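> predicted model, plus sequence, below.
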Amino acid sequence: MNENNHLLLVDDEALNRDMLSRRLAHRGFRVDVAADGASALRFIDAHPPDLVLLDNMMPGMTGVDVLRTLRATYTADRLPVIMVTALTDSDKVVEALNLGANDYIAKPVDFAVAVARIRGQLARKAAESALRESEERYALAARGSNDGLWDWDLDSGRVYYSERWKALVGYPESEIGDGAGEWFSRVHPEDLERLREVLRAEQAAGSSKAFECEHRMRHRDGTYRWMNCRGAAVPGAAGRVIRMAGSLSDVTAAKLADPLTGLANRLLFTERLEREFAAYRADPAAQFAVIFLDIDRFKLINDSLGHQAGDQLLVAMAERLVRGVRTGASRARPASRDLAARLGGDEFAVLLCDLSDPAESLQVAQRILTEVREPFTLGDRGVFCTVSIGIAPCGAGYRFAADMVRDADTAMYTAKSKGRSRCEVFDETMRARVVERLQMENDLRRAVERHELSVNYQPKVRLTDRRICGFEALARWRHPQRGWIPPTEFIPVAEETGLIHDLDMWILREACAQMQRWHTAYPNGGPLAISVNLSPRQFEQPHLVEEIAAVLQETGIEPSSLRLEITEGVLMDNHELARDILTRLKGLGVGLKIDDFGTGYSSLAYLAQLPFDTLKIDRSFTLQLEGGDCNSQIVKSILDMAHTLGMQVVAEGVEHNDQITRLISMGCEFGQGFLFSKPVSAQEAELLVAAMTAPPIAGLPVGQVGNLRADC
């Protein structure tokens, strides 16, 4: 097959045409494109290509319409047509195949598979053309495509294997006989029956339609290579199949390489790991280790900068990973057998072989961390990125090689939970924690789906008169078996697993709807506001502002009645992104409150640039107000800074009356704490709202609800 084969790519989507045509051209194909069926037909009449890649779903003339027109002029062997269609569109696939389509490729396109199928169809076209014209020209075409020929005389049982066929499995021509066993004895045991079934089916069908089957064959060096067997049955005069002939091509590179990064794929990594594991079981001195790594916050980069930038990052990460691994090779073994692989998504793995000391794996991991510290260039941007790494050294306790990947993954998870951009070596305590965490995750996921969580409301109080001016919405979870689970346990799980988005949006919707019901039922209740916490993980959501706007519209609550509470840690992760999102949220008309102030790393310079209108002092400072002038001075400094920036202040953790006295003397406007009320259910909170609107009884002082005034 000539790598300069002329392809025509027909697709109405410009992005698809551009991306696929460039990648095909990079593989050596000559590619022209057409944006619709009519222009494709005109082009083919003027410049017939060697093969057409035809999108099935196009406006106007569909891919099937184009195919029907083509088959009126060109047979399938003269002009191969590969349909590009969605997996769910099976009826159209069947229709296209019945009309004479040679093959189909499923969307989204797996490029390695697409190239293999294109090459297969082009090779088949060349082979069929050669068979029609002469055996010699067929052989030349097959050799040009680097395929090995085989011709099986079913009556005699003898098989002709070309010189190239024998070379594919590592043997000179004189060392391979002419029996079918020369082929089948080298097929991988897991693939043998499938190959035999394909050949039996073609023989029984009695047609000359081409077939193909991928299978593994044992090379002379003991390794297995992936082969693509193509062929056709040759019926005799009576219609009985008397011969089968075809070609064999080595597709190992396409089968075992990740098409984006060029690293080994999961299949090759697993095969190599199994071999190393077997060698270690036979000789425990053959030390090795598995490194598992994952890009920190990859989803944020992918969602904010686009998938093209994400792909660029994966390619660049693979290059740095290889540099780190090669650097880590011992000088005593310069031809390192270490293997770097992309397992999928943003997950990578490294197989470290021939270790003289398990500590070598830590050295390699540290080198990888060093390699990725420099910024990555994605388009015209410089992006800083880190990875979390887990290491699983080999050991006598392992029964299966796959368990090492599992444990390296577990160690990587532990590294992420400890702050990311670090490496951890697996130990047994990690597995117990992961199992416990996994159970918590599963239970929490079911709780969200089954609405087992509830929203409690804690009043926010104006300190000068103890009047309720709003509530903070807080999630509560009553587990069917374990009872009440503290938010400190399940909120981190929700954040790490991605459930936090659904959970936060559910709390926001419930709280806004509840506050709107109170506004409607108690119109004289004053301008009550509802505060809802927003996890820092929400700032990774590309449509966060739009979703919050949708909740406001859906519930009918006035935006000014909503306060979003955000911890100051979000400011440190990505200050520019945080400022953009906060500015857009402020544009909706909602209030913005910086939560737990004083526990993070916010600076006055940061706060001055951000549109916060309220600051909440962390309860640890409020509780220490009785500890002396030094503690009071810290709180006073926070209050002065907030007021200088035009912000109001809420003090958390108010539990004693003398704290109120000191806070008021310092100018603090609002407070929350058990002195006023613990978080209560919606029904209990409504009693407080109702009490605030009830008229006073003549002759009696204004009513009290706990430590809350009800005289609004």
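Yes, it's here.
> which element is residue 473 on?
Using DSSP states H and E, residue 473 sits in strand 467-479.
> show me what the very next helix or strand once past that strand is packed up against.
For strand 467-479, the following helix or strand on the C-terminal side (DSSP H and E) is strand 483-485. In this structure, strand 483-485 makes packing contacts with strand 467-479, judged by 3 or more Cβ pairs under 8 Å, 6 or more residues apart in numbering; DSSP states H and E. All C-beta spots, glycine's among them, are computed from the backbone N, C-alpha and C.
> report the distance from the strand it packs on to the chain centre.
Strand 467-479 has its average C-alpha position 34 Å from the chain's average C-alpha position, going by Cα atoms, centre = their mean, to the nearest Å.
> list the contacts of residue 415.
Applying Cβ atoms under 8 Å, 6 or more residues apart in numbering to residue 415 gives the contacts 388-390, 422-424.
> let's see that with 6 Å instead.
By Cβ atoms under 6 Å, 6 or more residues apart in numbering, the contact list for residue 415 reads 388, 390, 422-424.
> related to what we said a few turns ago, what's in contact with the strand holding residue 473?
Outside strand 467-479, the residues that reach it (Cβ under 6 Å, 6+ apart) are 447, 453-462, 484-485, 490, 507, 511, 528-532, 679, 708-709, 712.
> also stretch 611-618?
582-583, 586, 591-599, 638, 642, 647-652.
> any weak-confidence spans in the stretch 151-300 of the chain?
Along the stretch 151-300 of the chain, the parts satisfying pLDDT under 70 run over 208, 237.
> now the helices for it?
Under the criterion DSSP state H, counting those that start in this stretch, the stretch 151-300 of the chain contains helices at 163-168, 181-184, 189-205, 252-256, 266-282, 298-305.
> rewinding a little: just the buried residues of the strand holding residue 473, please?
467-475, 477 (16 or more other Cβ atoms under 10 Å).
> send me that strand as CSV with only the CA atoms.
Extracted C-alpha coordinates of strand 467-479, given in CSV (Å, rounded to 0.1, in the frame of the first residue of the first chain):
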residue,chain,number,x,y,z
ARG,A,467,-32.9,40.4,65.6
ILE,A,468,-32.8,37.6,63.0
CYS,A,469,-31.7,39.1,59.7
GLY,A,470,-31.1,35.8,57.8
PHE,A,471,-30.1,32.1,57.9
GLU,A,472,-27.2,30.0,56.8
ALA,A,473,-28.2,26.8,55.0
LEU,A,474,-26.2,23.8,56.1
ALA,A,475,-26.4,20.2,54.8
ARG,A,476,-27.2,17.4,57.2
TRP,A,477,-27.0,13.6,56.5
ARG,A,478,-28.9,11.0,58.5
HIS,A,479,-27.4,7.7,57.4
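> rounded mean pLDDT for that strand, please.
Strand 467-479 comes out with an average pLDDT of 93.
> list just the nearest of the buried residues of strand 467-479 to residue 400.
Looking at the buried residues of strand 467-479 and their distance to residue 400, the nearest is residue 477, at 36.4 Å (Cβ to Cβ).
> tell me what the closest one is bridged to.
residue 453, residue 485 (DSSP bridges).
> residues in contact with residue 56?
63, 83, 85, 92.
> so how far is residue 34 from it?
Using Cβ to Cβ, to the nearest Å, one gets 14 Å for the distance from residue 56 to residue 34.
> same thing with residue 553?
44 Å.
> who's in contact with the helix or strand residue 41 falls within?
Following DSSP H and E, one finds residue 41 within helix 37-46. Helix 37-46 is contacted from outside by 10, 34, 61, 65-66, using Cβ under 6 Å, 6+ apart.
> can you do 10 Å?
8-12, 32-34, 49, 52, 54-55, 58-67, 69-70, 73-74, 79 (Cβ atoms under 10 Å, 6 or more residues apart in numbering).
> sec struct for the residue nearest to residue 378 when sequence neighbours are not counted, please.
For residue 378, ignoring the flanking residues on the chain, the nearest one in space by Cβ to Cβ, 6 or more residues apart in numbering is residue 309 at 4.3 Å. Recorded secondary structure, residue 309: helix (DSSP: H, G, I helix; E, B strand; the rest coil).
> give the contact list for residue 309.
301-302, 376, 378-379, 381, 383.
> same deal with residue 6?
Residue 6 touches 29-32, 47-51, 122, counting by Cβ under 10 Å, 6+ apart.
> helices - which of those land there?
residue 122 (DSSP state H).
> now list the buried members of the contacts of residue 6.
When the contacts of residue 6 are checked for burial by 16+ other Cβ under 10 Å, the buried set is 29, 31, 49-51, 122.
> mind putting these in JSON lines, pLDDT and distance to residue 181 included?
As requested, these are exported to JSON lines (pLDDT from 0 to 100; distance: Cβ to Cβ, whole Å):
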{"residue": "29", "pLDDT": "93", "distance to residue 181": "38"}
{"residue": "31", "pLDDT": "94", "distance to residue 181": "43"}
{"residue": "49", "pLDDT": "94", "distance to residue 181": "42"}
{"residue": "50", "pLDDT": "93", "distance to residue 181": "37"}
{"residue": "51", "pLDDT": "94", "distance to residue 181": "36"}
{"residue": "122", "pLDDT": "92", "distance to residue 181": "31"}
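> if we can go back for a sec, can you list the buried residues in the helix holding residue 41?
Buried residues in helix 37-46, counted by 16+ other Cβ under 10 Å: 37, 40-41, 43-44.
> phi and psi next, for residue 11.
Torsion angles at residue 11 (phi, psi; degrees, to the nearest 10) stand at phi -160, psi 130.
> which residue ranges form the helices in the stretch 401-550 of the chain?
Under DSSP H, counting those that start in this stretch, the stretch 401-550 of the chain gives helices at 402-417, 428-449, 487-497, 500-521, 544-555.
> after the last one, next one along is what?
Proceeding C-terminally, helix 544-555 gives way to strand 562-567 as the next helix or strand, assigned by DSSP H and E.
> partner strands of that next one, with direction?
Strand pairing for strand 562-567, using DSSP bridges, gives strand 529-534 (parallel), strand 591-597 (parallel).
> which of the contacts of residue 6 sits closest to residue 687?
residue 31 (72.5 Å).
> and the closest residue in space to the closest one that isn't next to it in sequence, what is it in contact with?
The shortest distance from residue 31 to any residue other than its chain neighbours is 4.5 Å, reached at residue 21 (Cβ to Cβ, 6+ apart). Neighbouring residues of residue 21 by Cβ under 10 Å, 6+ apart: 7-9, 11, 29, 31-33, 53.
> still on that earlier bit, can you check which of the strands paired with strand 562-567 gets nearest to residue 663?
Closest of these to residue 663 is strand 591-597, at 14.4 Å (criterion: Cβ to Cβ).
> and that closest one, what's buried?
591-597.
> any chance of TSV for the buried residues of helix 37-46, columns distance to residue 338 and pLDDT?
Output for the buried residues of helix 37-46, formatted as TSV (distance: Cβ to Cβ, whole Å; pLDDT from 0 to 100):
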residue	distance to residue 338	pLDDT
37	50	93
40	48	94
41	53	95
43	49	95
44	49	94
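> switch the buried ones among the contacts of residue 6 over to CSV; also include distance to residue 242.
Putting the buried ones among the contacts of residue 6 into CSV (distance: Cβ to Cβ, whole Å) gives the following:
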residue, distance to residue 242
29, 37
31, 41
49, 35
50, 31
51, 31
122, 28
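> quickly check those residues for the two that are furthest apart.
Going by Cβ to Cβ, the pair spanning the buried ones among the contacts of residue 6 furthest: 31 and 122, at 13.0 Å.
> neighbours around residue 451, how many?
Residue 451 sits with 9 neighbouring residues when counted by other Cβ atoms under 10 Å.
> could you pull up phi and psi at it?
Backbone torsions of residue 451, given as degrees, to the nearest 10, read phi 60, psi 40.
> and residue 649, that's in a strand?
Yes: assigned with three-state DSSP, residue 649 falls within a strand.
> list the buried residues in stretch 580-590.
Quick answer for stretch 580-590 (16+ other Cβ under 10 Å): 581-582, 585-586, 590.
> same question but for stretch 357-373, I mixed them up
For stretch 357-373, burial by neighbour count (16+ other Cβ under 10 Å) applies to 358, 360-362, 364-365, 367-369, 371-372.
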